[in-house]
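Chemist: coords please:
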Amino acid sequence: MNYIEKMQLKHRQENNVLTSADLLPIDEVLAKGTIFRKLYEPYKIIPKNPVPNSEQEKLMQEIQTYCIACIDMTLYLDVNPSDKDAIDLFNMIKDRKEESKKKYEQIYGPLSLKSETLKGIPWTWLISKWPWVGSED
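Modeler: Numbers count the residues shown, from 1 in each chain. Model (predicted):
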């Protein structure tokens, strides 16, 4: 059964109602790769939540977690466009993602060429360390 089929089955079983019992805690999303409890299929090796080594890594993991949750909620809403609670949850997650990105960019520099921090002088894209470059430790 593919992802969409699972979402449609979930929709039929629960009469278009998403509850907190259906969702994983936000701190498990990055390790498990989904926000939905019923869609998580365990790997051969039990995933562990990544442990950040710095405040920068912690912020980046927070952004990645919210990105995964936003994608999952978008897919859910494609199948259940009238679920008001899910729309509210999506908007809350999206707002938190944007807040985390803004905080990251204010401290560590731009995450993408769409960043508001690139509107100033000097051009900060080349000044700061790019987000995908690891620490020198």
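Chemist: need the pLDDT of residue 27.
Modeler: Looking at residue 27, its pLDDT stands at 80.
Chemist: does anything pack onto the helix or strand harbouring it? Which helices or strands?
Modeler: Residue 27 belongs to helix 26-32 when assigned by DSSP states H and E. Judged by 3 or more CB pairs under 8 Å, 6 or more residues apart in numbering; DSSP states H and E, helix 26-32 is in contact with helix 55-79. For glycine as for every other residue, the C-beta is placed from the backbone atoms N, C-alpha and C.
Chemist: packing partners of the helix it packs on?
Modeler: Using 3+ CB pairs under 8 Å, 6+ apart, helix 55-79 sits against helix 3-14, helix 26-32, helix 84-108.
Chemist: one step back: may I see the buried residues of the helix holding residue 27?
Modeler: 28-32 (16 or more other CB atoms under 10 Å).
Chemist: with stretch 55-69 instead?
Modeler: Applying 16+ other CB under 10 Å to stretch 55-69 flags 59-63, 65-69 as buried.
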